[in-house]
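Engineer: My questions concern the predicted model and sequence given below.
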Amino acid sequence: MSNSSNLNLFTIESEKPMSPTNYSKFIDFLQKDLSISAASIDVALRHREQNPGPLPMILWQYGLVTLDQLNQIYDWLESAIV
């Protein structure tokens, strides 16, 4: 999961990939602030290989985050990428 090849998974549509620093902060946010397990993130990454799309949407589509958490993720991404 911490592999640098995953950096391009954490983008808002048409945005550049996250830097390694922001990637680490994003994972920390998911795990610490939203209490999303590493296993859930790994599941979403595996599903993303078969169904490409933004990781936050995949987390939501597979029921790994709530709609409220999805909104929090996109709010965090907007503030982190600015």
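Structural biologist: Sure, I can see it. These numbers were taken from a predicted model, which means no experiment stands behind them.
Engineer: Return the helix or strand in this structure with minimum mean pLDDT.
Structural biologist: helix 20-28 (a mean of 85; mean pLDDT, DSSP states H and E).
Engineer: Just the mean pLDDT for the helix or strand following that one, thanks.
Structural biologist: Next in sequence after helix 20-28, counting helices and strands by DSSP states H and E, comes helix 38-50. Averaged across helix 38-50, the pLDDT comes to 88.
Engineer: got the CA positions of the longest helix seen in the chain in CSV?
Structural biologist: Looking across the chain with DSSP state H, the single longest helix is helix 67-81. C-alpha atoms of helix 67-81 as CSV (Å, rounded to 0.1, in the frame of the first residue of the first chain):
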residue,chain,number,x,y,z
LEU,A,67,-21.4,9.2,2.0
ASP,A,68,-20.5,11.6,4.8
GLN,A,69,-16.9,10.1,4.9
LEU,A,70,-16.7,10.4,1.1
ASN,A,71,-17.5,14.1,1.4
GLN,A,72,-14.8,14.4,4.1
ILE,A,73,-12.3,12.7,1.8
TYR,A,74,-13.0,15.1,-1.1
ASP,A,75,-12.9,18.1,1.3
TRP,A,76,-9.5,16.9,2.5
LEU,A,77,-8.2,16.3,-1.0
GLU,A,78,-9.2,19.7,-2.1
SER,A,79,-7.4,21.4,0.8
ALA,A,80,-4.3,19.2,0.5
ILE,A,81,-3.9,19.7,-3.2
